[in-house]
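*Asks:* Any chance you can model this:
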Amino acid sequence: KGAQVQAGEVEKLKKQLEDERVEHTSKIDQMRKEREEERESHASQIAVLTEKVNETTSELDKVRAQKGDSEKEQEDLLVFLEELSAKRKKDKVRMKERGLEVSEDEDADGEGDE
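*Replies:* Numbers count the residues shown, from 1 in each chain. Here you go, the predicted structure:
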């Protein structure tokens, strides 16, 4: 009779262990599924963010190019202004040499108050 009780307990333990194994396997499968869904979601988010980075980089490149163009244009205008100012000084000197009236309401260097 003692062997039957032990055999019954062994069978009961086997059943309990099998039930736990099935439950754990189910939980593991569910966790794997959740992890895979998270991976897919992350991959999608990475793709979206990568596209945004590419767009932002492209916009930045355009802005830098525009800035460079603006700086070049500004530099060209400053050079032109310097050349024009130098020409004006020379013209004033020539006008004075020829006895023509020259405006004196400007600075000594020939640049106006503007």
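
*Asks:* how much space between residue 62 and residue 6?
*Replies:* Distance of residue 62 to residue 6, given as C-beta to C-beta, to the nearest Å: 82 Å. Yep, even glycine has a C-beta here, placed from its N, CA and C like the rest.

*Asks:* and if you look at residue 19?
*Replies:* For residue 19, the distance to residue 6 - C-beta to C-beta - is 20 Å.

*Asks:* Same question for residue 18.
*Replies:* Residue 18 sits 18 Å away from residue 6, going by C-beta to C-beta.

*Asks:* With residue 24 instead?
*Replies:* From residue 24 to residue 6 the distance is 26 Å (C-beta to C-beta).

*Asks:* And for residue 98?
*Replies:* Counting by C-beta to C-beta - residue 98 and residue 6 are separated by 133 Å.

*Asks:* now stretch 103-114: mean pLDDT?
*Replies:* Average pLDDT, stretch 103-114: 52.

*Asks:* ignore the last one, stretch 39-56
*Replies:* For stretch 39-56, the mean pLDDT works out to 97.

*Asks:* For it, buried residues please.
*Replies:* Residues of stretch 39-56 include none that count as buried (16 or more other C-beta atoms under 10 Å).

*Asks:* can you give me how far it is from the chain middle?
*Replies:* Its chain's C-alpha centre lies 13 Å from the corresponding centre of stretch 39-56 when counted by C-alpha atoms, centre = their mean, to the nearest Å.
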